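Q: Here is my input; please provide its structure:
(2 chains)
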Amino acid sequence: MDLKLLHHNKDGIEIVDVEGEIDVYTAPRLRELLIELVNDGHYQLVVNMEKVEFLDSTGLGVLVGGLKRVRAHDGSLDLVCTQERILKIFRITGLTKVFGIHDTVDEAIATRKSEK
Amino acid sequence: MATVEVTFTPLPAHVRTARLVASAVARRSGITEALLDEVRLAVGEACSRAVESHRLNCPGEPVRVALGTQGDRFEIEVLNAGSVSATRLAGDPRREPAVVPTGFSLAVIAGLADDVQISETSAGTSVKMSWPLSGSVAAGSPA
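A: Purely as a prediction, here's the structure:
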């Protein structure tokens, strides 16, 4: 399956809904979207990965790159993911300590708002 | 060892095909469902490395993947020409050079595969990964 990317604003936070497979072929599209959002001044991001079917290290690199970009503007990039198959790669690489990973978009927004 | 061999042009789009083939062969060989995701992810990582190396070193040469059973284990070998470590990330705009350290994908593979052997020669790099078979389905028996 190809990659579908949609984004919308909720409570001042840009939500990126990702569906499909994030790999060496599709990850550049996600990277371009994250760069575009940051360039447009969106520094509070939530990437919803509930419909992601596959994620590899290229995709992880894109997410870490996005996090680095928003942090340069004192922003944040949180993830929404409950799928064990996706969470496993975050655990293997130790990135569970780098990203805020939440069960729902609303939880991610609430957590971000409470930390402001 | 190999019961299936795949060669593909070193393009990122074909890595998904290699993953799908690996999943199908692993399932048929008797890998448990719990390990299938690991096989799929590990072969994807190895093929991504290989594609990267070929595109930088020898874009005209195909990447080769060999899959099959060896005793009570399922093995996958991904062969690529050139050394990824020597050329990795050089001028490749698809990557995040500042945030993905060299060897990151190998670390992922090591975390996924039950056994990993990486050998570099002047001809290229071989990444050989294996997992135990469940024993419930004999290789080559009807699915």
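Q: The longest helix along chain B and chain A, are they touching?
A: Taking DSSP state H as the criterion, chain B has its longest helix at helix B:33-57. Yes - counting by C-beta under 8 Å from any C-beta of the partner chain, chain A is contacted by helix B:33-57 at B:37, B:40-41, B:44-45, B:48, B:51-52. Every C-beta, even on glycine, is put in place using the N, C-alpha and C of the backbone.
Q: Mean confidence (pLDDT) on that helix, please.
A: Predicted confidence along helix B:33-57 averages 92 (mean pLDDT).
Q: Tell me which helix or strand comes right after that helix.
A: Counting by DSSP states H and E, the element after helix B:33-57 in chain order, helix or strand, is strand B:63-70.
Q: Quick one: mean pLDDT for that following strand?
A: Per-region confidence: strand B:63-70 scores 95 on mean pLDDT.
Q: which secondary structure elements does it contact?
A: Counting contacts by 3 or more C-beta pairs under 8 Å, 6 or more residues apart in numbering or on different chains; DSSP states H and E, the secondary-structure elements packed against strand B:63-70 are strand B:4-8, helix B:13-29, helix B:33-57, strand B:73-81.
Q: The first one pairs with which strands, parallel or anti?
A: Sheet partners assigned to strand B:4-8 using DSSP bridges are listed as strand B:63-70 (antiparallel).
Q: can you pull the buried residues of the strand it pairs with?
A: Within strand B:63-70, the residues that qualify as buried are B:63-69, counting by 16 or more other C-beta atoms under 10 Å in any protein chain shown.
Q: Could you do stretch A:60-80 as well?
A: The neighbour-count criterion (16+ other C-beta under 10 Å) identifies A:60-67, A:69-70, A:75-80 as the buried residues of stretch A:60-80.
Q: anything in it near chain B?
A: Yes - taking C-beta under 8 Å from any C-beta as the criterion, stretch A:60-80 and chain B are in contact, through A:60-62, A:64-65, A:68.
Q: quick check, nearest of these to residue B:73?
A: Taking C-beta to C-beta as the measure, residue B:73 sits nearest to residue A:60 out of these, at 27.8 Å.
Q: Does the closest one fall in a helix, a strand, or a coil region?
A: Using DSSP: H, G, I helix; E, B strand; the rest coil, the structure places residue A:60 in helix.
Q: List the contacts of it.
A: Under the criterion of C-beta atoms under 8 Å, 6 or more residues apart in numbering or on different chains, the contact list for residue A:60 reads A:89-90, A:93, A:95, B:100, B:104.
Q: now, among the buried residues of stretch A:60-80, which is nearest to residue A:6?
A: Proximity to residue A:6 was ranked across the buried residues of stretch A:60-80 by C-beta to C-beta; first place goes to residue A:80, at 13.7 Å.
Q: any idea what sits nearest the closest one, other than its immediate chain neighbours?
A: Leaving out its chain neighbours, the residue that sits closest to residue A:80 by C-beta to C-beta, 6 or more residues apart in numbering or on different chains is residue A:48, at 4.5 Å.
Q: In chain A, where is pLDDT below threshold?
A: Applying pLDDT under 70 to the predicted model, the residue ranges of chain A that meet it are A:1, A:116.
Q: what does it put close to chain B?
A: Applying C-beta under 8 Å from any C-beta, we find that chain A lies next to chain B at A:21, A:23-25, A:27-28, A:31, A:54, A:56-58, A:60-62, A:64-65, A:68, A:85, A:88-89, A:92-93.
Q: Repeat the analysis, applying 10 Å as the threshold.
A: With the criterion set to C-beta under 10 Å from any C-beta of the partner chain, chain A comes near chain B through A:1-2, A:21, A:23-28, A:31, A:54-58, A:60-69, A:84-86, A:88-89, A:91-94.
Q: Thanks again, I'm all set now.
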